[in-house]
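**Q** prediction below, plus the sequence it came from.
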Amino acid sequence: MSESWNKRTQAVHGGIRRSQYNEVSESIFLTQGFVYDTAEQAEARFIETGPDEFIYARYGNPTVSMFEQRIAALEGAEDAFATASGMAAVNAALTAMLQAGDHVVSAKALFGSCLFILENILTRFGVEVTFVDGTDLEQWRAAIRPDTKAVFFESMSNPTLEVIDISAVAALAHAVGATVIVDNVFSTPVFSRAIEQGADVVVYSATKHIDGQGRALGGVILGTQDFIRGTVEPYLKHTGGALSPFNAWIMLKGLETMSLRVNAQAETAQQVAEALEGHEALERTLYPGLASHAQNALVQTQLGGKGGTVLSLDIKGGKRGAFSFLNALTIPVISNNLGDAKSIATHPATTTHQRLSDEQKDTLGITPGLVRLSIGLEDAGDLLSDIRQALAVSQA
Ligand SMILES: *Cc1c(COP(=O)(O)O)cnc(C)c1O
C-alpha cells in the first residue's frame, strides 16, 4: 500500500485486507462478532483494539474497515467511519461534536434532510444555527462569530448546483477555530480535493456515486484520526448507525469503477448541458461546467473544471411544463436518487424539497418548472434526443 498512489490506484487497491486464503476480491465478513482465544485476550481487546482487531460489528468489521480505509486513501483523509446511510453520516458528524449553547453557521441551500437536522433537531438541543447564502462570502464573514463551533455546507448544492468556495469559507472558519464540515456528494470523491482545500470533515452519501448502481444505502465521515476515533467513533458505536458488511462490500466494489463511471457521466452531462443551453423550452440550464454558470471560475480551481454528473433544467410552463417533460421521457426514469448508472429525473418542488415553504423554495431558486437530471451511463446522443423530444412535448 502506498500513500503516493493516485486516486485511481487507491480506488482499486486501497485498504485491502486479505484473510488466510489470500483471496483476490474482497471478502464479505457477514459476522456480528469475533472470537477471542482467551478471556485475557477479550479483556485486553475491550481496553484497546489494534488495527486488525475487532469486537463487535457495530464498532467495526473487516469488510467495513476495508471500505473506510479505501475511501480515506482516495480522499486524502487520515481516517474514516462508515455509516448506514448518508444521513446517518451527516447527523453523526454534527451531533458527535456539538452541545447545547454551541453556534453553527450553515449554507441554506441544503438537501431537505440536512436542513431538517440543522433546523429542527440540533435547535431542539440548544444549538444555535445561522443560515447564510453559501455563495456570498460576506454573509459567512458576518455570521461566523468568535464562539462559532462549526460551519456546514454542501460544496455543490442540490438541486440548483451552486458551488461554494471551500478554501475561502474554511479560512474564515479556521480564524475562529471552527470545524469545517462539508457534504461533498455532488462534487463526488472523483473530482473533490476538499480536505486539501481546507475541509476538516467530509461527508458522503455512498448511496450516490460510490455505489453508483442504485443498490444500497451507505455513508461515510472522513477526517483526522483524532476527530474520527476521538469524536465520531464513540458517538456512532454507542448509537448504532453502523454500515452493514454486505453494503460495505457493495461500496468497496463500487469504488473500483467509480472514476470511470463518474468521469463518463460528467462528460455526458457537460455535452447535454452545452447542447441544451438556450433551448426555446428552457428558462435556465443550470450546470456548473457551463461557462455561463455563476461559479464557473471556482469550478475551474476547486473541481478541475468538472461540473459533476447532475444538471438542472428550468422548463417553461411551470409545474405543468415540468410534469409533461418528465412523463414524456423514455430513457431517464422518474425517481429521486442520483449518481446512478441510469439517468434519473426528479421534480424537486413536489418531491425532495416538497417540505420547504414556498418562500424557502423561492429563495433557493426551486421553481415549479425545475427538473433535476442525474446523468447516467447511457449513450449521450440517445439521451439528448430523448430529452429534446420530451422538451417539445412539454411545450405542446
Ligand atoms: C442523498 C444525499 C444525502 C443523504 O444520503 P442518504 O444515503 O440518502 O441518507 C445527504 N446529502 C446529500 C447532498 C445528498 O444528495
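**A** Perfect, thanks for sending it. Numbering: from 1, shown residues only.

**Q** could you pull up the mean pLDDT of stretch 102-118?
**A** Mean per-residue pLDDT for stretch 102-118: 94.

**Q** what's the end-to-end length of it?
**A** Taking C-alpha to C-alpha, to the nearest Å, the first and last residues of stretch 102-118 lie 12 Å apart.

**Q** also stretch 123-130?
**A** Per C-alpha to C-alpha, stretch 123-130 runs 11 Å from first to last residue.

**Q** in it, what's buried?
**A** Judged by neighbour count (16 or more other C-beta atoms under 10 Å), stretch 123-130 contains these buried residues: 127-130. Quick note: C-beta positions are derived from backbone N, CA and C, even for glycine.

**Q** residues contacting it, please?
**A** 98-106, 118-119, 122, 143 (C-beta atoms under 8 Å, 6 or more residues apart in numbering).

**Q** quick one: which of those residues sit in strands?
**A** Those of the contacts of stretch 123-130 mapping onto strands are 103-106, per DSSP state E.

**Q** about what we covered before: ok, so of the contacts of stretch 123-130, who is nearest Val182?
**A** Looking at the contacts of stretch 123-130 and their distance to Val182, the nearest is Ser106, at 11.3 Å (C-beta to C-beta).

**Q** wait, the closest one touches Phe153, no?
**A** Yes - at 6.5 Å, Ser106 counts as touching Phe153 under the criterion of C-beta atoms under 8 Å.

**Q** thinking again about what came up before, please spell out the ChimeraX selection for the buried subset of the contacts of stretch 123-130.
**A** To isolate the buried ones among these in ChimeraX, judged by 16+ other C-beta under 10 Å, type:
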select :98,102,103,104,105,106,118,119,122,143
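
**Q** enumerate the residues of the stretch 101-250 of the chain near the ligand.
**A** Taking C-beta under 6 Å from any ligand atom, the part of the stretch 101-250 of the chain that reaches the ligand is made up of 111, 113-114, 154, 158, 183, 185, 205, 207-208, 217, 219.

**Q** biggest separation within these, which pair?
**A** Glu154 and Leu217 (18.4 Å).

**Q** show me the strands in the stretch 1-150 of the chain, by range?
**A** 79-83, 103-107, 128-132, 148-154 (DSSP state E, counting those that start in this stretch).

**Q** pLDDT weak spots in this protein?
**A** 1 (pLDDT under 70).

**Q** from it, which residue is nearest to the ligand?
**A** Gly86 (2.2 Å; C-beta to the nearest ligand atom).

**Q** Gly339 reaches Pro189, doesn't it?
**A** No - Gly339 lies out of contact with Pro189 (C-beta under 8 Å); the separation is 10.7 Å.

**Q** any common contacting residues for those two?
**A** 209-210.

**Q** coming back round to it: from the contacts of stretch 123-130, pick the one nearest Gln69.
**A** For the contacts of stretch 123-130, the nearest to Gln69 is Leu98 (27.0 Å; C-beta to C-beta).
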